[in-house]
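Chemist: would you be able to build a 3D model of this:
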Amino acid sequence: MPRCDWDAADYERHSSAQRQWARELIDKLDLRGGEALLDVGCGDGKVTAEIAARLPAGFVVGIDNSEEMIALARSRFPAAAHPNLSFVLGDARSLPFRDGFSAVFSNAVLHWVRDHRPVLSGIFGSARPGARITLSMGGRGNAGGIVAVLDDMLLAQEWRAHFDGFTMPYGFHGPEEYRLWLREAGLTARRAGLIDKDMTYADRASLEGWVRTTWLPYTQRVPAERRDEFVVRLVDRYLERHPPDERGVIHVHMVRLEIEAVK
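Modeler: Residues are numbered from 1 along each chain as shown. All right, here's what the predicted structure looks like:
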């Protein structure tokens with residue numbers, strides 16, 4: 001998982017699509033109100049807090065490897081006001097829990113990990129027998145239009161020196177390999193599939209904000225004084241290939257890999 005210097009507040013302002021998709025995923029959890037739930041990759045905590053509000057007789061633990069995100073989550077959702085909600089600094093590849101959760105949830109996070117087998121092993125160890133696991137992440141083909149522009153930019157003379165030895169940082173996988181990894185981890189797949197999503201932005205400034213706050217493995221290879229220029233060039237090229245529709249709305253084709261499994 002790449003270590004990035006997150007601007008947690010900036011991310012919060014430009015993650016509305018992720019939040020909407022998280023709400024759709026939460027609805028699929030079929031929560032009864034008393035679950036002990038682990039949110040892997042909780043980020044700024046707002047989705048974790050929404051889950052906690054649905055569990056009056058349960059509790060939620062959010063874990064994330066970003067100190068900035070955990071600090072923001074704890075400040076926004078203090079324990080005194082949210083007694084069934086807590087946040088832990090930790091890595092998805094080495095979850096520190098044992099048999100404590102009746103449900104495990106993760107949204108828009110695990111594509112940051114190339115090898116998911118340690119994550120799934122940790123989920124198995126964290127979950128109680130019979131626990132339900134619900135995961136959603138970028139899947140095979142995700143943000144293909146953005147990735148294609150980035151691939152071209154990394155070969156351009158003005159940028160390529162900053163990307164010497166660089167490899168694709170994300171794990172955009174498909175259901176076939178994921179079913180195998182679940183089985184190897186001791187988990188039983190109930191559903192695994194790719195889902196197309198249309199992510200929209202009202203203007204280029206909003207698209208630039210999303211690029212700036214989520215494509216950090218790329219932007220942080222560029223010297224700080226040129227990062228804004230890199231983002232502008234990326235968005236320029238993307239809009240040349242994928243212009244706004246007749247209403248001026250910008251579209252980015254996303255693909256989510258959704259997983260439902262049980263221990």
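
Chemist: can you show me the helices along the stretch 151-263 of the chain?
Modeler: 157-160, 175-185, 204-214, 216-219, 227-241 (DSSP state H, counting those that start in this stretch).

Chemist: want to throw these into a markdown table with mean neighbour count, distance to residue 258 and mean pLDDT?
Modeler: (Glycine included, C-beta is placed from N, CA and C.) Listed next are these as a markdown table, based on neighbours: other Cβ atoms under 10 Å; distance: least, Cβ to Cβ, whole Å; pLDDT from 0 to 100:
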| stretch | mean neighbour count | distance to residue 258 | mean pLDDT |
| --- | --- | --- | --- |
| helix 157-160 | 12 | 34 | 96 |
| helix 175-185 | 16 | 9 | 98 |
| helix 204-214 | 19 | 19 | 92 |
| helix 216-219 | 20 | 23 | 93 |
| helix 227-241 | 16 | 26 | 97 |
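
Chemist: dump those helices to TSV, plus distance to residue 151.
Modeler: Output for the helices of the stretch 151-263 of the chain, formatted as TSV (distance: least, Cβ to Cβ, whole Å):
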stretch	distance to residue 151
helix 157-160	11
helix 175-185	22
helix 204-214	15
helix 216-219	10
helix 227-241	11
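
Chemist: so which of the ones you listed comes closest to residue 67?
Modeler: Closest of the helices of the stretch 151-263 of the chain to residue 67 is helix 216-219, at 14.6 Å (criterion: Cβ to Cβ).

Chemist: for the closest one, packing partners?
Modeler: Packing partners of helix 216-219 (3 or more Cβ pairs under 8 Å, 6 or more residues apart in numbering; DSSP states H and E): helix 227-241.

Chemist: residues in contact with the helix it packs on?
Modeler: 145-146, 148-150, 152-153, 159, 204, 207-208, 211-212, 218-220, 222, 250 (Cβ atoms under 8 Å, 6 or more residues apart in numbering).

Chemist: now with 7 Å?
Modeler: With contact meaning Cβ atoms under 7 Å, 6 or more residues apart in numbering, helix 227-241 is reached by 145-146, 149-150, 153, 204, 207-208, 211-212, 219, 222.
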